[in-house]
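S.K.: Sequence unavailable; structure follows:
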């Protein structure tokens with residue numbers, strides 16, 4: 001029997017399929033081979049007690065991809081949730097996360113949450129920056145705005161929800177999967193930063209082979225495995241202008257006759273995206289090379 005691991009706690013793996021959820025232990029073969037099953041893995045199980053849904057993991061069917069933070073296997077896509085307000089969107093953090101997904105070649109979309117708190121002008125501005133290269137949703141759980149369209153996008157796929165604390169990932173999870181009963185946190189009035197409420201990784205079934213995974217919020221990201229000279233390749237808007245660069249291998253910073261910088265001057269590339277490209281490049285360049 002096959003299923004997907006939706007939760008792993010204290011050596012037990014909870015495997016979901018059309019028959020229900022089975023509580024399983026991993027056979028010693030996994031430990032002997034140094035393999036650790038991950039949430040999201042498609043696995044074969046040996047049923048020991050069908051009535052009480054007990055079994056053993058016997059095989060991992062295969063991993064097409066995985067993330068380290070959070071430790072999940074086989075995500076089809078990532079949905080980055082950022083609040084339009086309360087807390088104010090940190091576009092540098094958003095651009096770092098987009099870069100991470102570009103590096104890992106995992107499809108990514110953006111959900112602007114709490115859209116009821118944001119002016120139409122600001123929403124248009126945010127969508128203008130990102131919507132040409134990424135799917136962007138405007139959602140408000142309070143007003144039930146945009147969430148049905150978003151759910152349609154999520155059905156049939158395993159989606160990892162990611163983003164800073166306090167942007168409404170757990171609230172969104174509760175809306176899409178009412179049985180999740182995720183704890184939600186308040187926003188600190190002093191620093192407008194959310195409390196982290198998600199403490200372990202768990203998948204929730206939303207119907208039609210769709211799963212979502214809420215993840216612990218983050219306040220910063222480091223691109224440990226990124227090469228600074230390849231960073232330009234992870235900003236998709238640069239690609240159409242690089243043919244206008246005078247030098248091969250142009251990194252679009254200090255070079256003369258740079259097509260990307262000309263596009264920036266002409267308003268064809270977002271100033272905030274280019275500024276964050278510079279900041280991320282400088283961060284990577286400052287790391288010690290071994």
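M.R.: Everything's here; your move. Everything numeric here is computed off the predicted structure, so don't read it as measured data.

S.K.: now do the same end-to-end measure for stretch 243-253.
M.R.: Length of stretch 243-253, first residue to last, CA to CA, to the nearest Å: 15 Å.

S.K.: Any idea how far it is from the middle of the chain?
M.R.: 30 Å (CA atoms, centre = their mean, to the nearest Å).

S.K.: end-to-end on stretch 129-137?
M.R.: 13 Å.

S.K.: contacts for it?
M.R.: Residues outside stretch 129-137 that contact it (CB atoms under 8 Å, 6 or more residues apart in numbering): 91, 98, 108-112, 126-127, 146, 149-150, 153, 236-237, 270, 272-273. Every C-beta, even on glycine, is put in place using the N, C-alpha and C of the backbone.

S.K.: Just the buried ones out of these, please.
M.R.: 91, 98, 108-112, 126-127, 146, 150, 153, 237, 270, 273 (16 or more other CB atoms under 10 Å).

S.K.: sorry, back to before: now, which of the contacts of stretch 129-137 lie within helices?
M.R.: Among those, the ones falling in helices (DSSP state H) are 91, 98, 126, 127, 149, 150, 153, 272, 273.

S.K.: What is the nearest of those residues to residue 27?
M.R.: Relative to residue 27, the closest of these is residue 153; by CB to CB it sits at 37.1 Å.

S.K.: pLDDT below threshold where in the stretch 101-250 of the chain?
M.R.: Applying pLDDT under 70 to the stretch 101-250 of the chain flags the ranges 182-200, 217-220, 224.

S.K.: Show me the helices in it, by range?
M.R.: Taking DSSP state H, counting those that start in this stretch as the test, the helices found in the stretch 101-250 of the chain are 120-130, 147-154, 169-176.

S.K.: most packed of those helices?
M.R.: Mean neighbour count (mean count of other CB atoms under 10 Å) peaks for helix 169-176 among the helices of the stretch 101-250 of the chain, with a mean of 23.

S.K.: Over to residue 76: give its phi and psi.
M.R.: phi -80, psi -30 (degrees, to the nearest 10).

S.K.: Who's the closest spatial neighbour of it, skipping the chain neighbours?
M.R.: In space, and not counting its chain neighbours, residue 76 is closest to residue 157: 4.0 Å by CB to CB, 6 or more residues apart in numbering.

S.K.: Quick check: phi and psi on that neighbour?
M.R.: According to degrees, to the nearest 10, residue 157 has phi -130, psi 160.

S.K.: What of residue 64?
M.R.: Residue 64 adopts backbone torsions of phi -90, psi -20, taken as degrees, to the nearest 10.

S.K.: number of nearby residues for it?
M.R.: Residue 64 has 9 neighbouring residues, counting by other CB atoms under 10 Å.

S.K.: Do I have it right that residue 221 meets residue 95?
M.R.: No. Between residue 221 and residue 95 there is no contact, the gap being 9.8 Å when judged by CB atoms under 8 Å.

S.K.: Just want to know which of the two has more residues nearby.
M.R.: Taking other CB under 10 Å, residue 221 and residue 95 do not tie; residue 95 has more neighbours (23 against 18).

S.K.: what's the helix or strand for the more buried one?
M.R.: For residue 95, the element it lies in under DSSP states H and E is helix 91-104.
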